[in-house]
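Asks: Could you look at this predicted model? Sequence included:
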Amino acid sequence: MARTPEPTRDTAADECLSTALRQATRRLGAVYDAAMAPLGVNGTQARLLWKIGALQEEGGAPLKRVAEEMGYQVSALSHALKPLERDGLVQVTQSRADRRVRHLELTGKGRGIVSQITDRWLSANARIDRALGRAEAEALMRLASKVAGPEFARAMARGEEEEEEG
């Protein structure tokens, strides 16, 4: 197997893993955005609506739990919810038991959109599978999940600690 040469000052920007992943994320995101566009939401909003609906079915969707499960800071989630609230898809309510706790609820309009998300999501996945090949798409998913997971975060934190000590 041919080894990729180490980047130099002249090539480092072109061979940056972060840049390549950001470009790939934008390209993949555009596939999901296009799939969701007829519903009036983008891919990120569709995923958020789906998560709120799933948690609502489990008995409730507290803002903090939705943020944790989606990998958002609470303030970023609050910002992302504004267009969904404005468009009448989600409503934010205060807990009766604890006024500091906010809950997210899909409205009837929001539930109507969620009922259409899965088929569109599966269609977008199928398009990506055809473009990459199923095995490559699965490998990309495994790798992305690994990078997004807690083990990678811990490894990166250990690396920072070692660099500071060295």
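Replies: That came in fine, so what should we check first?
Asks: From start to finish, how long is stretch 97-105 in a straight line?
Replies: 17 Å (CA to CA, to the nearest Å).
Asks: What are the buried residues along it?
Replies: 102-104 (16 or more other CB atoms under 10 Å). Just so you know, the C-beta spots here come from the backbone N, C-alpha and C atoms, and that holds for glycine as well.
Asks: How about stretch 22-35?
Replies: Neighbour counts over stretch 22-35 (16+ other CB under 10 Å) mark 28, 31-33, 35 as buried.
Asks: out of these, which are inside strands?
Replies: Using DSSP state E, the subset of the buried residues of stretch 22-35 located in strands is empty.
Asks: from the residues you listed, which is closest to A144?
Replies: Distance to A144 across the buried residues of stretch 22-35 (CB to CB) is lowest for L28, with 9.5 Å.
Asks: Please identify which helix or strand holds R127.
Replies: For R127, the host element (DSSP states H and E) is helix 108-132.
Asks: which secondary structure elements does that helix contact?
Replies: In terms of contacts (3 or more CB pairs under 8 Å, 6 or more residues apart in numbering; DSSP states H and E), helix 108-132 is packed against helix 17-36, helix 43-57, helix 134-148.
Asks: so which of these is the most packed in?
Replies: Neighbour counts (mean count of other CB atoms under 10 Å) averaged over each of those peak at helix 43-57, with a mean of 19.
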